[in-house]
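Visitor: Kindly generate the corresponding structure for this input.
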Amino acid sequence: MNRKIATAFLILAAIGNATADDISVDPTPFVSTKSRAEVREELDRFKQAGINPWSMTYNPLRNLQSSKTRAEVTAEYLAARNEVMAITSEDSGSAYLMQMASRSAVGQYLAGQPDRSAE
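Guide: Prediction:
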């Protein structure tokens, strides 16, 4: 009999722990950055344009017009490809950055001070 009571107690305790917790309420009050009139005006503009930005089928890129040609974008990609590959490599681009630093005319710095060993 004690075994049945203990088992029932354990089952009830497990069920009690499985219930959802209380919701957490943010104590800071909401302060709008727009007035009610501004929000209504924005909504009216969307309705006039036939756009619903809260729709599941809203596509903001549908009427996008690029300022570059496909060839220009492809050329930029090819020019930056090796740099991106080097920066995202296993050494986080330190070898690539070291090569680039040796090519530049910038002097060496140690803790923010110019290297005076060459003087």
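
Visitor: Of all residues in this structure, which one is nearest the centre?
Guide: Note on the chain: the residue nearest the mean C-alpha position is Thr88, at 17.7 Å, using C-alpha atoms, centre = their mean.

Visitor: ok, now how distant is that one from Ala71?
Guide: Distance, Thr88 to Ala71, by C-beta to C-beta, to the nearest Å: 25 Å. In this view, the C-beta of every residue, glycine as well, is placed from N, C-alpha and C.

Visitor: Tell me where this protein has strands.
Guide: In the chain, the strands defined using DSSP state E lie at 109-110, 113-114.

Visitor: show me where pLDDT drops low in this protein?
Guide: Scanning the chain for pLDDT under 70 picks out 1, 12-21, 102-119.

Visitor: Now do the helices in it.
Guide: Ranges of helices in the chain, per DSSP state H, are 2-17, 36-49, 70-87, 94-103.

Visitor: any chance of these in CSV, with distance to Val25 too?
Guide: Shown next, in CSV, are those (distance: least, C-beta to C-beta, whole Å):
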stretch, distance to Val25
helix 2-17, 23
helix 36-49, 24
helix 70-87, 44
helix 94-103, 47
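
Visitor: Quick one: closest of the ones you listed to Arg62.
Guide: Nearest to Arg62, of all the helices of the chain, is helix 36-49, at 12.1 Å by C-beta to C-beta.
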